[in-house]
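*Asks:* with the sequence up front, the predicted model follows.
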Amino acid sequence: MDLVLIESLGVDTVIGVYDWERTITQRLVLDLALATDIRPAAADDDIALTLDYAAISERIQDFAAEHDFALVETFAERLAETLRQELGIPWLRLAVRKPGAVAAAAAVGVQIERGQRPEAS
């Protein structure tokens, strides 16, 4: 199975457990690996036959703007569920990082894998 990659996608959202965090937007940085078979798209040179990373990136931006969560964990779970349902993605890996959340670290966050990764054929 092939992977469509989206790396270091920045999104702005309301995220955080502290009261002051609930009044501002903060930047999250996402990395995604999305399972798909790219061979049909490559054979016909047709974007309609693959996962459109520009459209997916836009959907993620919209998701971030429409929702607010206390936990990065909740953001990751809900986004993964939304992408899998809306796009029919059988498996994905999603890393969500929150830069600047801990002064001594460049970023903190979570990485999750959801679904069943299809076997290569």
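*Replies:* Cool, got the structure.
*Asks:* need the residues that contact the longest strand along the chain.
*Replies:* When the chain is parsed with DSSP state E, its longest strand is strand 2-15. Among residues not part of strand 2-15, those counted as contacts by C-beta atoms under 8 Å, 6 or more residues apart in numbering are 21-22, 24-39, 50-51, 53, 56-57, 60-61, 63-65, 67-72, 75, 98. From N, CA and C alone the C-beta is placed, and that goes for glycine too.
*Asks:* what subset of those is buried?
*Replies:* Neighbour-count burial (16 or more other C-beta atoms under 10 Å) applied to those gives 28-36, 50-51, 56, 60, 63-64, 69, 72, 75, 98.
*Asks:* inside strands: which ones of these?
*Replies:* Those of these lying in strands (DSSP E): 28-36, 69, 98.
*Asks:* now pLDDT too, for those residues, in CSV please.
*Replies:* Below are those laid out as CSV (pLDDT from 0 to 100):
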residue, pLDDT
L28, 98
V29, 98
L30, 98
D31, 98
L32, 98
A33, 98
L34, 97
A35, 96
T36, 95
F69, 97
K98, 98
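*Asks:* L79: which of these is nearest?
*Replies:* Checking these against L79 by C-beta to C-beta gives L30 as the nearest, at 8.0 Å.
*Asks:* residues touching that closest one, list them.
*Replies:* With the criterion set at C-beta under 8 Å, 6+ apart, L30 makes contact with 6, 8-11, 60, 94-97.
*Asks:* do a quick rundown of the helices in the protein.
*Replies:* Ranges of helices within the chain are 39-44, 53-66, 72-87, based on DSSP state H.
*Asks:* any chance of the ones you listed in TSV, plus mean pLDDT?
*Replies:* Below are the helices of the chain laid out as TSV (pLDDT from 0 to 100):
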stretch	mean pLDDT
helix 39-44	97
helix 53-66	98
helix 72-87	98
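*Asks:* and these as CSV, adding distance to G115?
*Replies:* Output for these, formatted as CSV (distance: least, C-beta to C-beta, whole Å):
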stretch, distance to G115
helix 39-44, 20
helix 53-66, 15
helix 72-87, 6
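*Asks:* since that was my last question, I'll sign off now.
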